[in-house]
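In: Generate coordinates for the sequence data below:
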Amino acid sequence: MNRIITIDPVTRIEGHARVFLKIGNDGGLESAGLVVNELRGFERILTGMDADRMPLITARICGVCPTAHHLAATNALDNAAGVEPPPAAKLLRELMYMGHLIHSHCLSLFVLQGPDLVLGLDADPAIRNVVGVVQAVPEIAKKALECRSIGQKINELVGGRGTHPVTSVAGGIAFVLDGEKERQLKEWTDRALLLVRELAPVVKGLLMKQLDTHPAMLADWVVPAWSLGTVQQDGTTALTGGELRAVDADGNNLLQFPVSDYHQYLSESVVEWSYMKQVAIVRDGEHHDYRVGPLARLNVIDRYGTEEADRERELFVSQFSRPCHANALQPYARLIELLYAAERAREILADPAIHGETRVPVRFPGGRGVGHVEAPRGTLFHDYEIDENGVVRAANLIVATQQNYSLINRMVAQAATSHVINRPDDQALLNAVEFGIRCYDPCLSCATHAFGTMPLEIVVTRTGEPEQRIRRGC
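Out: A predicted model of the protein is given here:
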């Protein structure tokens, strides 16, 4: 008899989802998947709006990664207008983004995944939360939250607002850095780097302890796939611009293209059981699943370009190889990017080019504009068709979680096989599947543009009939 397990809701992710596991007559797993059952509709909402409002409106899509949407929109408008922002504007946008990355990666590492790392996957769910982390390791929690707060302050000072920034506009940025702001930013970036240096070995130690406790995570939760990320011409990481590079599962650089050509290599498709579209890389007529985000970027780039992050990357590669396909190591890659962001923010403030003109005139001649950034969770595309009156006539957004969707579903199956099948403990199922999903740090509101909170359910079926339904928080 078949069996269906449902996890509903998945907790400590951004958005609302449930998980289904279908168990066959032989007790083996037949299929598994993450179901996002909320409607995506932002592309239709944007149609008919003035193009210059896109950086403000699209930032409202998500409260977790608004700066990524803010900058992807302005990059798209720059390209639609055919303008190049001044060097000072590019540096200030990048500085804003480093603040956003520090904030978002601290949120993921210490608030969303922190309870799993500090308290362990087997800890009581009643205490496995951020309050439990504060009680267990108060000094570490204090530093982690301070680091997250500094990232948000940098983002707010440069972006004009903390949650939904407003300063990046088509053609540049809407302010000039003055001495007082520069002094404050230097103080914050110095402090952020000190905190990251203290927190990094702690996070690594906690992650390695979990991997030792659950060796199946490294042995079985491995999903070979292509990786996509953004690089500069010399192969250094690029988070707010640059060319897309795709490497295959063996690490061969097979594609490199400008963002304007993304539609030639990425194919979106619908699945019948979820509102979230999935995306594949297309090459020579074949479709390939791929991942985006910190681990994919580590696989794609030749270097980060800052001293301490590159040193940590070398340690990662020497221990786990490149490309790496172990899902459980996503937090380690995220930690290296946190270090990079703290270093890079200091570099930007030390660059004399940050002072000067910050904006050029913009006029939309009519046509298409495509822009992208490497959002904390992976590559984010904004594609607008804008008429000669500056009105958006069509829009398409591709977010990171869509691109990771196929791999998230494969990971759910692996987690169920290693931690659930033939085990009587439902709690083990919930813990393992949720941890695996959190490694991708999914943002389901971005992927579906939905409203509301974030529930999860696991359903187990046998011979097509629901046999077991497991829920948490709904």
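In: Could you double-check that residue 174 lies in contact with residue 159?
Out: No - with contact defined as CB atoms under 8 Å, residue 174 does not reach residue 159; the gap is 10.2 Å. C-beta coordinates here come from the backbone N, C-alpha and C atoms, glycine included.
In: Between those two, which is the more surrounded one?
Out: Neighbour tally, residue 174 and residue 159, criterion other CB atoms under 10 Å: the higher count belongs to residue 159, 29 against 14.
In: Identify the residue nearest that one in space, chain neighbours excluded?
Out: Nearest residue to residue 159 in three dimensions, chain neighbours excluded: residue 165, at 2.8 Å (CB to CB, 6 or more residues apart in numbering).
In: check contacts around that neighbour.
Out: With contact set as CB atoms under 8 Å, 6 or more residues apart in numbering, residue 165 has these partners: 59, 66, 67, 70, 96, 155, 156, 158, 159.
In: contacting residues for the fifth one?
Out: Counting by CB under 8 Å, 6+ apart, residue 96 touches 67, 71, 154, 155, 158, 159, 165, 167, 168.
In: Look up how far residue 177 lies from it.
Out: 11 Å (CB to CB, to the nearest Å).
In: quick one: which of the contacts of residue 96 sit in helices?
Out: 67, 71, 154, 155, 158, 159 (DSSP state H).
In: Restricted to buried residues, select those in PyMOL.
Out: Selecting the buried subset of those in PyMOL, with 16 or more other CB atoms under 10 Å as the burial test, is done by:
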select buried, resi 67+71+154+155+158+159
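In: And the furthest pair within the ones in helices among the contacts of residue 96?
Out: The distance between the two most remote of the ones in helices among the contacts of residue 96 (CB to CB) is 14.1 Å, for 71 and 154.
In: can you redo the ones in helices among the contacts of residue 96 as TSV with pLDDT and distance to residue 130?
Out: Putting these into TSV (pLDDT from 0 to 100; distance: CB to CB, whole Å) gives the following:
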residue	pLDDT	distance to residue 130
67	96	22
71	98	28
154	98	22
155	97	21
158	98	27
159	97	25
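In: Adding distance to residue 342, write the ones in helices among the contacts of residue 96 out as a markdown table.
Out: Below are those laid out as a markdown table (distance: CB to CB, whole Å):
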| residue | distance to residue 342 |
| --- | --- |
| 67 | 16 |
| 71 | 19 |
| 154 | 10 |
| 155 | 13 |
| 158 | 15 |
| 159 | 18 |
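In: and which of the ones in helices among the contacts of residue 96 is nearest to residue 339?
Out: residue 154 (15.5 Å).
In: where's stretch 211-224 relative to the chain centroid, distance-wise?
Out: Distance of stretch 211-224 from its chain centroid, counting by CA atoms, centre = their mean, to the nearest Å, is 21 Å.
In: what's in contact with it?
Out: For stretch 211-224, using CB under 8 Å, 6+ apart, the contacting residues are 120-121, 210, 249, 291, 325-329, 407, 410-411, 414-415, 417-419, 432, 436.
In: same thing with stretch 187-195?
Out: 102, 143-144, 146-147, 150-151, 153-154, 342-343, 345-346, 349.
In: Check the residues you listed and tell me the two furthest apart.
Out: 144 and 349 (23.1 Å).
In: Between the two, which has more neighbouring residues?
Out: residue 144 (26 against 20).
In: surely the more buried one meets residue 196?
Out: No - Residue 144 is not in contact with residue 196 according to CB under 8 Å; the separation is 9.8 Å.
In: and for the two, which residues touch both?
Out: In the contact map built from CB under 8 Å, 6+ apart, no residue is linked to both residue 144 and residue 196.
In: In the protein, what helix or strand scores lowest on average pLDDT?
Out: None of the helices or strands of the chain scores lower by mean pLDDT, DSSP states H and E than helix 444-448, at a mean of 57.
In: Can you report how many residues lie near the closest residue to residue 438 other than its chain neighbours?
Out: Once flanking residues are discounted, residue 438 sits nearest to residue 113: 5.3 Å by CB to CB, 6+ apart. By the criterion of other CB under 10 Å, residue 113 has 23 neighbours.
In: Could you report the pLDDT at residue 113?
Out: Per-residue pLDDT puts residue 113 at 83.
In: got it, and residue 10?
Out: Confidence score, pLDDT, at residue 10: 59.
In: could you pull out the strands for the stretch 301-450 of the chain?
Out: Counting by DSSP state E, counting those that start in this stretch, the stretch 301-450 of the chain has strands at residues 367-375, 378-386, 392-398.
In: so can I have JSON lines of those strands showing mean neighbour count?
Out: Formatted as JSON lines, these follow (neighbours: other CB atoms under 10 Å):
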{"stretch": "strand 367-375", "mean neighbour count": "24"}
{"stretch": "strand 378-386", "mean neighbour count": "26"}
{"stretch": "strand 392-398", "mean neighbour count": "19"}
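In: Make JSON lines out of those and add distance to residue 217 and mean pLDDT.
Out: Putting these into JSON lines (distance: least, CB to CB, whole Å; pLDDT from 0 to 100) gives the following:
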{"stretch": "strand 367-375", "distance to residue 217": "25", "mean pLDDT": "97"}
{"stretch": "strand 378-386", "distance to residue 217": "21", "mean pLDDT": "97"}
{"stretch": "strand 392-398", "distance to residue 217": "29", "mean pLDDT": "94"}
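In: So for residue 278, which of the ones you listed sits nearest?
Out: strand 392-398 (10.6 Å).
In: Also compute the angle for the closest one relative to strand 367-375, please.
Out: Using axes from the mean of the first three to the mean of the last three CA atoms, to 10 degrees, the direction of strand 392-398 lies 30 degrees away from that of strand 367-375.
In: Straight-line length of stretch 390-405, end to end?
Out: Taking CA to CA, to the nearest Å, the first and last residues of stretch 390-405 lie 34 Å apart.
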